[in-house]
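*Asks:* sharing a model prediction with you, sequence too.
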Amino acid sequence: MICTAVSKRIFRIKQIGVTEKIRCFHMLHSKEKQNTGHFQDGGKTIHKASGEPVTVFHSPPRMQLRPGGINNAVSGIDFSSPFSDETQNMSIQTETHMGREDNSEVLKSVLDSDFKLPMIPKNELFRDSREAQAYDEDILSSPSKAPAKVLASSSPLKKKIKLDKIFKDQTRNYSRKADKSEMYPTIHLSTQRNFGVGVNEGDNNEKSNTPKEMVKNVKPIILSSEQEYILQLAMRGASLFYTGSAGTGKSVLLRSIIKALRQKYEKGKVAVTASTGLAACNIGGITLHSFAGVGLGDGPVDVLMKRLKRNKKAYNRWCQIKVLIIDEVSMIDGNFLNKLDHIAKATRKNKRPFGGIQLIVSGDFYQLPPVSKSRPRGDMADMEMEEAIFAFESEAWKNAIQCTIILREVFRQRGDHVFIEMLNDMRSGKVTSDTIAEFNKLTRPLETSDGIEAAELFSTRYEVENANNTKLRLLKGTAQLFKSIDSGSLQVEQRQAMLNNFLAPQKLFLKKNAQVMCIKNFDETLVNGSLGQVVNFMDKDTYMCYNLMKEKPYASVEEISQDFNKRLEKTKPDQEELDVEQGATQLSDSIFDFLNDDDVEDKENISSMDNSILNENIERKKAYLNSLHQSSNKIKYPLVRFLLPDGYNTREVLVEPEEWTVEDEHENVLVRRVQLPLILAWSLSIHKSQGQTLPKVKVDLKRVFERGQAYVALSRAVSRKGLQVLNFDRSKILAHPKVNEFYSTLTSAGEIAHRDHSRGFTRDIVANLAQNAKP
Ligand SMILES: Nc1ncnc2c1ncn2[C@@H]1O[C@H](COP(=O)(O)OP(=O)(O)OP(=O)(O)O)[C@@H](O)[C@H]1O
């Protein structure tokens, strides 16, 4: 990969591969830091630009924070998927004084862009910044020179958009953002993963022609100011609870915090837990109960201590950890928290709250409440049943939590402010007549012209399985079965218990036209929650050829075949495939639609061609692809047409296996599952939908029974346009008065920062906040 800074504004990347983008980032910063004398760490020198050595970080730098100095921060990404993808860390320069242009702003625009930047051959690298700037200005002032951005569509010919507009918009957006973040340090976050087959490796021009579908990269998420603020607090060692309504990015932030803390501390110091198995899976952790090693946590503390002493591993965990992360805390009983506080003090022989462990707690008490205790069994059957209390009511919480902060900015529904207001209304249980009227308008069925129905949310797993299986049965054709590959260091029984919480099923039955949901994030348009329809089953080679045809619509079969063979040589053998039971499949005619597409920009070219030759070429291409398909004995994966977040456009992707793991605090893999990142999605359970962002949802409130369920279900939708609500019933929308009271006392990060700002703390707000917090 070769990259050079051509000016303050634009960089060119020789290859769009994700890893390379990160390297680019390092280079830019390492250069700067060398100049300013702040450079702290480095890897090997890989490239010379302008005659200067360029340093690349290969090992993640340690997290440090110095007022006004260089802070190394850690990448964060929206892994709304059950498990985080491989991430890479980067060195980042942050400053409390914002609003001025720096390289990181530019990088942000590079990382955020989904267009391919022009490549610069080695001999075109700019020798000095003046030369580079002149080149940039030339590009910006003459749109015709900008490369075209090709949007994904069934026809690659259909959507060609010139780059210049996007370029300028991005530039403007980012400068605005920089101005806004005056109060906070800004950290640029990114992580990317490269797992194309034999692509994006090395420095080879040809490889940059890799079809977009083959390069999966996760779009970097830039934390908002308030999210960053909380991240900084966590890094300063504050024990904190942060909350916010659905879609305010709590999970996104938590993943960043986990990543950052794992960088800060050595292995074994950061324990990642959540109240339920599913929530734990979402952050790659275990349940708080299994971490604690006290079974269900019933009975008095001395009984629990005895139980713990028999569990050496769990006992040692309590002694060793520095940070305990707890997600979805709303479902944790405050009594249990009190007991854990005692246990932590006793095992660590330390009287400070939680024996001095830093707590990072996240959740939303307006969503699902703590599960009421069941009567203890066996020798404790006579004991009184404990009434569950909210975690925030416990003594342990009051003593341990130093800061409570509420996130205000809603990301999920940001395109529909009326909807945000409606959700906020129902959240606190004070539903106005306007809100009721608005919800009542949403009874109409949603558009299905794209072939994708709204995912219906049910309260029970039984209803979900029933609905999905019935729909699947009604579809014509043979079901293809994809079985997961499971492994891990846990004993089979324990492993199975953990695997049951995975969203990815052990057995996935699919048919052509089945409605599915993506359960991992791949890039900006294919995310956890994307709904799609299986349009075919194809092996990877045929898919590669199919993409070549889409990329080069005018190429002859011979040319396609030549290119295809070249690419085949470069592909690496698959590392892991699934166990499958597959029936015969045929390529349906609809996938060839793009070949017949006459709605193209370049009509002159087409009309000048002999029509019969064109048609013959199309037929030969179909035959070629069909013969590849039939002769291949490789696994045929689902080709899925996904609905894009705009709720209108679609994109086809061959969905291949992915990996999910749960690790202990030493990062040993306890459980691992390899499966396609898909689930059937005509219907979903409300429980499983928690944490998802769904473009089309149907909710029947008649079936809702638990406090918080209606809010969780409705808040999965991105906008009113994608939401159908049946039987909206005001009486089902209840908020607990204690929760209302608790939330009325919470402060947002912005308010805290403002308060400190007005006290004259401008340079290191975070340090002041941590100091001002309760000891
Ligand atoms: N800083 C950010 N910039 C852009 N998008 C963001 C940001 N933070 C979160 N999002 C997006 O907002 C959506 C909701 O995020 P997330 O799932 O983390 O919210 P949440 O508060 O955990 O929601 P819930 O309580 O419903 O589970 C996701 O699509 C996520 O990608």
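*Replies:* Done, it's in. Just so it is clear, the model here is predicted, and its values are computed rather than measured. Numbers count the residues shown, from 1 in each chain.
*Asks:* please report phi then psi for the closest residue to the ligand within the stretch 451-600 of the chain.
*Replies:* Using C-beta to the nearest ligand atom, the closest approach of the stretch 451-600 of the chain to the ligand is made by Val527 at 6.4 Å. Yep, even glycine has a C-beta here, placed from its N, CA and C like the rest. Backbone torsions for Val527, taken as degrees, to the nearest 10, come to phi -130, psi 170.
*Asks:* near it, how many other residues are there?
*Replies:* Val527 has 23 neighbours, counted by other C-beta atoms under 10 Å.
*Asks:* my guess is it meets Pro645, correct?
*Replies:* Yes: when contacts are counted by C-beta atoms under 8 Å, Val527 is listed as touching Pro645 (7.2 Å).
*Asks:* quick one: pLDDT of the residue of the stretch 451-600 of the chain closest to the ligand?
*Replies:* What the model reports as pLDDT for Val527 is 76.
*Asks:* nearest spatial neighbour of it, skipping sequence neighbours?
*Replies:* In this structure, Val527 finds its nearest non-sequential neighbour in Asn521, 4.9 Å apart by C-beta to C-beta, 6 or more residues apart in numbering.
*Asks:* what about that neighbour, which helix or strand?
*Replies:* Under the criterion of DSSP states H and E, Asn521 resides outside all helices and strands.
*Asks:* wait, it sits on Pro645?
*Replies:* No: between Asn521 and Pro645 there is no contact under C-beta under 8 Å: 11.9 Å.
*Asks:* which of those two has more residues huddled nearby?
*Replies:* Neighbour totals were compared for Asn521 and Pro645, and Asn521 leads with 23 against 18 (other C-beta under 10 Å).
*Asks:* Phe564 versus the more buried one, what's the distance?
*Replies:* Here Asn521 is placed at a distance of 30 Å from Phe564 (C-beta to C-beta, to the nearest Å).
*Asks:* same check on Leu639?
*Replies:* Taking C-beta to C-beta, one finds Leu639 at 17 Å from Phe564.
*Asks:* ditto for Ser715
*Replies:* Separation of Ser715 from Phe564 (C-beta to C-beta): 46 Å.
*Asks:* who's more crowded, these two?
*Replies:* Between Ser715 and Phe564, counted using other C-beta under 10 Å, the more crowded position is Ser715 (29 against 21).
*Asks:* I'd say that one and Val410 touch.
*Replies:* No: counting by C-beta under 8 Å, Ser715 sits too far from Val410 to count as a contact (9.3 Å).
*Asks:* which neighbours do the two share?
*Replies:* Ser245, Gly247 (C-beta atoms under 8 Å, 6 or more residues apart in numbering).
*Asks:* residue numbers of the protein in contact with the ligand?
*Replies:* Taking C-beta under 6 Å from any ligand atom as the criterion, the chain approaches the ligand at residues 78, 80, 221-224, 227, 244, 246-252, 364, 411-412, 690-691, 693, 715.
*Asks:* so of these, which ones are in strands?
*Replies:* Gly244 (DSSP state E).
*Asks:* returning to that earlier point: how close does the residue of the stretch 451-600 of the chain closest to the ligand sit to Phe482?
*Replies:* 21 Å.
*Asks:* what do Asn521 and Pro645 both touch?
*Replies:* Val527.
*Asks:* do a quick rundown of the strands in the stretch 201-350 of the chain.
*Replies:* With DSSP state E, counting those that start in this stretch as the criterion, the stretch 201-350 of the chain has strands at 240-244, 270-274, 286-287, 323-327.
*Asks:* TSV for those, including mean neighbour count?
*Replies:* Shown next, in TSV, are the strands of the stretch 201-350 of the chain (neighbours: other C-beta atoms under 10 Å):
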stretch	mean neighbour count
strand 240-244	25
strand 270-274	25
strand 286-287	22
strand 323-327	25
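*Asks:* which of those has the lowest average pLDDT?
*Replies:* Lowest mean pLDDT within those: strand 286-287, at a mean of 86.
*Asks:* what pairs with it, parallel or antiparallel?
*Replies:* strand 270-274 (parallel) (DSSP bridges).
*Asks:* from the rest of the structure, what touches the strand it pairs with?
*Replies:* Contacts of strand 270-274 (C-beta under 8 Å, 6+ apart): 258, 261-262, 280, 282-288, 290-291, 317, 321-328, 665.
*Asks:* restricting to C-alpha, output that strand in PDB.
*Replies:* Taking Å, rounded to 0.1, in the frame of the first residue of the first chain, the C-alpha atoms of strand 270-274 are listed here in PDB:
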ATOM      1  CA  VAL A 270     -11.200  -6.300  32.500                       C
ATOM      2  CA  ALA A 271     -14.300  -8.500  33.000                       C
ATOM      3  CA  VAL A 272     -17.100  -8.000  30.400                       C
ATOM      4  CA  THR A 273     -20.500  -9.100  31.600                       C
ATOM      5  CA  ALA A 274     -24.200  -8.500  31.000                       C
END
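*Asks:* so for stretch 459-471, what's the average pLDDT?
*Replies:* Taken as a whole, stretch 459-471 carries a mean pLDDT of 89.
*Asks:* may I see the buried residues of it?
*Replies:* Within stretch 459-471, the residues that qualify as buried are Ser459, Val464, Ala467, Asn468, Lys471, counting by 16 or more other C-beta atoms under 10 Å.
*Asks:* look up how far Cys545 lies from whichever residue of the stretch 301-450 of the chain sits closest to the ligand.
*Replies:* Nearest residue of the stretch 301-450 of the chain to the ligand (C-beta to the nearest ligand atom) works out as Phe411 at 3.1 Å. Taking C-beta to C-beta as the measure, Phe411 falls 39 Å from Cys545.
*Asks:* same thing with Ala555?
*Replies:* If you go by C-beta to C-beta, the gap between Ala555 and Cys545 works out to 11 Å.
*Asks:* comparing the two, which residue is more hemmed in?
*Replies:* Taking neighbours as other C-beta under 10 Å, Ala555 and Cys545 compare with Cys545 leading, 23 against 16.
*Asks:* so what's Val662 scoring on pLDDT?
*Replies:* As predicted, Val662 sits at a pLDDT of 82.
*Asks:* for it, what are its contacts?
*Replies:* Contacts of Val662 (C-beta under 8 Å, 6+ apart): Phe83, Ala280, Cys281, Gly284, Gly285, Ile286, Gly488, Met498, Val669, Leu670, Val671, Arg672.
*Asks:* could you identify which of those residues has the most neighbours?
*Replies:* Cys281 (28 neighbours).
*Asks:* that one touches Trp660, doesn't it?
*Replies:* Yes: the criterion here is C-beta under 8 Å, and Cys281 meets it with Trp660 at 7.4 Å.
*Asks:* one step back: could I get the strands of the stretch 201-350 of the chain in a markdown table, plus columns for distance to Leu625?
*Replies:* Converted to a markdown table, these look like this (distance: least, C-beta to C-beta, whole Å):
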| stretch | distance to Leu625 |
| --- | --- |
| strand 240-244 | 49 |
| strand 270-274 | 46 |
| strand 286-287 | 46 |
| strand 323-327 | 46 |
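*Asks:* out of the ones you listed, which gets nearest to Gly429?
*Replies:* strand 240-244 (16.5 Å; C-beta to C-beta).
*Asks:* what residues does that closest one touch?
*Replies:* 230, 233-234, 250, 253, 329, 359-365, 392, 397, 401-408, 743, 746.
*Asks:* next: stretch 349-359.
*Replies:* Outside stretch 349-359, the residues within contact range by C-beta under 8 Å, 6+ apart are 234, 237-241, 318, 321-324, 326, 340-341, 344-348, 396, 399-401.
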